[in-house]
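Novice: Predicted structure and sequence below. I'll ask about it afterward.
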Amino acid sequence: MFDSPTPMTPPNGRITLRKPVDADGSDIWELIAGCQPLDHNSMYCNLLQCDHFAETCVLAELDGEVVGWISGYLVPDDPETLFIWQVAVSGRARGQGLAQRMLGDILDRDACAGVGRLKTTITRDNAASWALFRRFAERRGAGLDSTAHFTRDRHFDGRHATEHMVTITFAEAMRAAA
């Protein structure tokens with residue numbers, strides 16, 4: 001996710017959320033391209049996310065235009081953990097709490113019924129993402145921890161800032177599992 005100095009209010013249209021389909025891949029790719037400094041993956045990656053991980057991804061539309069996207073997946077060796085890969089919100093839809101709504105939409109799906117943790121990685125300078133996930137944890141009554149995970153020198157050959165693994169643990173889900 002990236003910071004937006006001036007949120008824009010959508011026109012009179014209504015933002016709708018839905019699971020992506022493979023035909024959405026190119027629109028998602030375009031949205032991400034316009035959301036600097038997000039990593040711009042290949043269009044093929046976005047197609048696979050829409051096709052293979054639709055249950056844990058969400059697309060937001062306003063008047064037929066893609067204005068929001070979250071990609072995520074259940075960690076293969078830990079199905080109680082939802083990993084959020086990328087959050088993108090266009091300038092047209094910022095300031096509406098859309099990223100919060102999209103995260104909630106994914107977690108409220110049947111596919112995530114057993115999820116007790118949400119994880120994501122964030123660089124220290126990404127204030128918008130830190131604010132999003134801190135707010136989300138607070139609203140869900142969850143704890144949030146972070147630790148350096150993919151480091152600048154060891155993993156990125158000095159070309160990318162250290163990514164901190166952020167873990168949100170949902171107390172209610174953990175109590176139910178006990």
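Specialist: All right, it came through fine.
Novice: Just the C-alpha atoms of the top helix by length along the chain, please, in PDB.
Specialist: For the chain, the helix with the greatest residue count under DSSP state H is helix 127-139. What follows is helix 127-139, C-alpha atoms only, in PDB (Å, rounded to 0.1, in the frame of the first residue of the first chain):
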ATOM      1  CA  ALA A 127       3.400   4.700   6.900                       C
ATOM      2  CA  ALA A 128       0.100   4.000   5.100                       C
ATOM      3  CA  SER A 129       0.500   0.300   5.400                       C
ATOM      4  CA  TRP A 130       1.500   0.500   9.100                       C
ATOM      5  CA  ALA A 131      -1.500   2.700   9.800                       C
ATOM      6  CA  LEU A 132      -3.800   0.300   7.900                       C
ATOM      7  CA  PHE A 133      -2.800  -2.800   9.700                       C
ATOM      8  CA  ARG A 134      -2.500  -1.200  13.100                       C
ATOM      9  CA  ARG A 135      -6.100   0.200  12.700                       C
ATOM     10  CA  PHE A 136      -7.300  -3.200  11.500                       C
ATOM     11  CA  ALA A 137      -5.800  -5.000  14.500                       C
ATOM     12  CA  GLU A 138      -7.300  -2.400  16.900                       C
ATOM     13  CA  ARG A 139     -10.800  -2.700  15.300                       C
END
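Novice: name the helices or strands packed onto it?
Specialist: helix 98-107, strand 117-123, strand 143-150, strand 163-169 (3 or more Cβ pairs under 8 Å, 6 or more residues apart in numbering; DSSP states H and E). Where you see a C-beta, it was placed from the backbone N, CA and C, and this is true even at glycine.
Novice: Of those, which shows the lowest average pLDDT?
Specialist: If those are sorted by mean pLDDT, strand 143-150 sits at the bottom with a mean of 88.
Novice: Under the pLDDT cut-off, which ranges of this structure? List them.
Specialist: For the chain, the stretches with pLDDT under 70 are 1-12, 152, 155, 172-178.
Novice: can you pull the contacts of Phe27?
Specialist: Wrong residue type there; residue 27 is Asp, not Phe. By Cβ atoms under 8 Å, 6 or more residues apart in numbering, the contact set of Asp27 is Val66.
Novice: ditto for the one 3 residues further on
Specialist: Contact partners of Glu30, counting by Cβ under 8 Å, 6+ apart, are Val66.
Novice: redo that, cut-off 6 Å
Specialist: Residues in contact with Glu30 (Cβ atoms under 6 Å, 6 or more residues apart in numbering): none are found.
Novice: Kindly report the same for Trp85.
Specialist: Ser71, Gly72.
Novice: What are the buried residues along the helix or strand encompassing it?
Specialist: Element membership for Trp85, per DSSP states H and E: strand 78-89. For strand 78-89, a neighbour-count test (16 or more other Cβ atoms under 10 Å) marks Thr81, Leu82, Phe83, Ile84, Trp85, Gln86, Val87, Ala88, Val89 as buried.
Novice: Thanks a lot, catch you later.
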